[in-house]
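Peer 1: I would like the atomic coordinates for the input below:
(chains A and B)
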Amino acid sequence: SQTIHQWPATLVQPVGSPLSLECTVEGTSNPNLYWYRQAAGRGLQLLFYSVGIGQISSEVPQNLSASRPQDRQFILSSKKLLLSDSGFYLCAWGGGTYEQYFGPGTRLTVT
Amino acid sequence: QKEVEQDPGPLSVPEGAIVSLNCTYSNSAFQYFMWYRQYSRKGPELLMYTYSSGNKEDGRFTAQVDKSSKYISLFIRDSQPSDSATYLCAMNRDDKIIFGKGTRLHILP
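Peer 2: Coordinates of the predicted model:
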């Protein structure tokens, strides 16, 4: 069966510090991968998605970036965090036109 | 106009009541209509999906899609405290799924 891992579960970082969140998927190959951010009152915002290694599409201009160095690995990064980057970050893989399977999420607080 | 609109709530109902959750949308090209459930501090999980118009039932849950009105609904019968969660409607576009903001539901024992 497929499993999606995210770490860390929680993170507190100062403004201006770098960020690296990792997501890995097991049990499937060549999945579509997604990064979402969920902030209070703003719902689930799609940040990046990838249909293959090295193929990244950005949905929202921001100071975040994503990379997919391996088929089942998706990384979200920032060089300098802003207060507005606080939120719940979710990685997901796409199982079909109506299915997305989410990881446990990372709760990021930028102080 | 946003592609998907959903009242954020919160919605509080007594245990055993019928719950009605709704979303409207603007893109007539959507074909799959989904409902995801998200418990506090967890990732969303797919609850039900419907293709095109019509109804779909799964236990205490019924999903309805009215494409002519661009309106979808989720009904929960005999609601339980364990149904307390945020419910997100969602629709597909290309390789992406567009989510509503979610409705927070509280079932009061």
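Peer 1: enumerate the residues of chain A near chain B.
Peer 2: Within chain A, the residues that sit near chain B (CB under 8 Å from any CB of the partner chain) are A:32, A:34, A:41-44, A:46, A:49, A:51, A:88, A:90, A:92, A:94, A:97-105, A:107. All C-beta atoms are positioned from the backbone trio N, CA, C, and that covers glycine.
Peer 1: which helices and strands sit right next to the lengthiest strand in chain B?
Peer 2: When chain B is parsed with DSSP state E, its longest strand is strand B:85-93. Helices and strands touching strand B:85-93, by 3 or more CB pairs under 8 Å, 6 or more residues apart in numbering or on different chains; DSSP states H and E, are strand B:4-6, strand B:19-25, strand B:32-38, strand B:71-76, strand B:96-99, strand B:103-108.
Peer 1: so how far is the fifth one off the chain centroid?
Peer 2: On the basis of CA atoms, centre = their mean, to the nearest Å, strand B:96-99 sits 13 Å off its chain's mean C-alpha point.
Peer 1: number of residues surrounding residue A:88?
Peer 2: Using other CB atoms under 10 Å in any protein chain shown, residue A:88 has 19 other residues around it.
Peer 1: can you read off the pLDDT for it?
Peer 2: Looking at residue A:88, its pLDDT reads 96.
Peer 1: thinking it is in contact with residue A:107, fair?
Peer 2: Yes - between residue A:88 and residue A:107 there is a contact under CB atoms under 8 Å: 5.3 Å.
Peer 1: anything in contact with each of these two?
Peer 2: Applying CB atoms under 8 Å, 6 or more residues apart in numbering or on different chains, one finds that residue A:88 and residue A:107 are jointly contacted by residue B:41.
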